[in-house]
Every structure is written in C-alpha cells, then in structure tokens.
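> just need the structure, nothing else, for what follows:
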Amino acid sequence: MFTVRKLFGTNGIRGIVNETLTPELALGIGRALGTYLGPDSVVALGRDTRLSGDMLSSAAASGLLSTGVDVVDVGIVPTPTLQHFVRDNAHAGLMITASHNPREYNGLKVIADDGTELDHSEEEKIERIYFSKSYRCASWDSCGVVDRKDAITPYIQSIL
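Next comes the predicted model:
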C-alpha cells in the first residue's frame, strides 16, 4: 500500500536550505504542482528576500515549465501581494518564503486560484504525485514559458 509522507506542514513546506529543502525538492514540487494543475495552466511565482530564493524559484519554475505550465514571475513580493495577483491572473501561486523562520530556512507555499492557502486535500494530491514521481512531461513544443509581471503596483492600487 502506498503511504504518503507528509511534506506540507501548517503553512507549506519548510526546511533548512540545501539540507531538507533542496533545489531537487523544489523542482519536484514544481513538477507535481504542474502535473496536478494540467497543461495550459498559469502559476504565479513570487519570493521573499532570502538569499536562497533565486535558486529555489528557478528550480520550481523549471519543474512547472517541464509540465507545460506557464509561469508568471512577479519577483520579490510580500505573500499577500502574490495572493492578490493570483486571484485575477493565475490558476495557482507558489511563494518561496519561510516567513518568520531563521535565515537558513526557506519554504514553498502553494496558493489556490482564489488567493487563499491551498486546501489540505489538494496538498495531499500534490504529495502523492511528488512521491510517485508520476509527472506529466510536456513535449518539446509544449513546454511552458516564463513571463515577468509587476504585482506590486496593482496590489497598491487595489488598497488605495
């Protein structure tokens, strides 16, 4: 019987960078999320200012792109800004952040299409895909593409 090991905690996946949270894990989560969402989906990708953010977001983006999912990279933003952006512009979001944890930590937080945290049952489905490694693999001519957009200006305008 297949048992799902728990990756997602109360607020996404957290770990010490390059120990328990590696680029390989970020790549795999990107592939699992992309497989779960399906081709022709769009995922908004944001990160905080931690040094490991570029490495982990690049790995996660590669995983998403390999499944045929497009990525909108909004760069360094607060989590609520990404959540706001996702509501109108993406099928999901992926925030690279460890919130208040010490600087050696980072994390992956999946945002649902309505801008809220992903439901635990959906996290379990992503975990199953991750652990079974049953990833969708896009053909050479249907890989996703990266677009870069400003999420901060629309967020500020929405609260003024």
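> going by C-alpha atoms from here, please, whenever you check contacts or count neighbours.
Will do.
> is the residue most central in space within the chain in a helix, a strand, or coil?
Taking CA atoms, centre = their mean, the centroid of the chain lies closest to Leu94, which sits 2.5 Å from it. Recorded secondary structure, Leu94: strand (DSSP: H, G, I helix; E, B strand; the rest coil).
> ok, it - contacts?
Neighbouring residues of Leu94 by CA atoms under 8 Å, 6 or more residues apart in numbering: Val43, Ala44, Leu45, Gly46, Leu108, Lys109, Val110, Ile111.
> Ala26 belongs to a strand?
No. The assignment for Ala26, made by three-state DSSP, is helix rather than a strand.
> which ones are touching it?
Ala26 makes contact with Leu56, Ser57, Ala59, Ala60, Gly63, Leu108 under the criterion CA under 8 Å, 6+ apart.
> reformat the residues you listed as CSV; add pLDDT, secondary structure and distance to Glu19.
What follows is the contacts of Ala26, written out as CSV (pLDDT from 0 to 100; DSSP: H, G, I helix; E, B strand; the rest coil; distance: CA to CA, whole Å):
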residue, pLDDT, secondary structure, distance to Glu19
Leu56, 99, helix, 13
Ser57, 99, helix, 16
Ala59, 99, helix, 15
Ala60, 99, helix, 17
Gly63, 99, helix, 19
Leu108, 98, strand, 15
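> which two among the residues you listed are spaced furthest apart?
Greatest spatial distance in those: Gly63 and Leu108, 13.3 Å, computed using CA to CA.
> next, the buried residues of stretch 13-25.
Ile13, Arg14, Gly15, Ile16, Val17, Leu21, Thr22, Pro23, Leu25 (16 or more other CA atoms under 10 Å).
> these two touch, right, the fifth one and Arg103?
No. Counting by CA atoms under 8 Å, Arg103 is not a contact partner of Val17; they are 9.1 Å apart.
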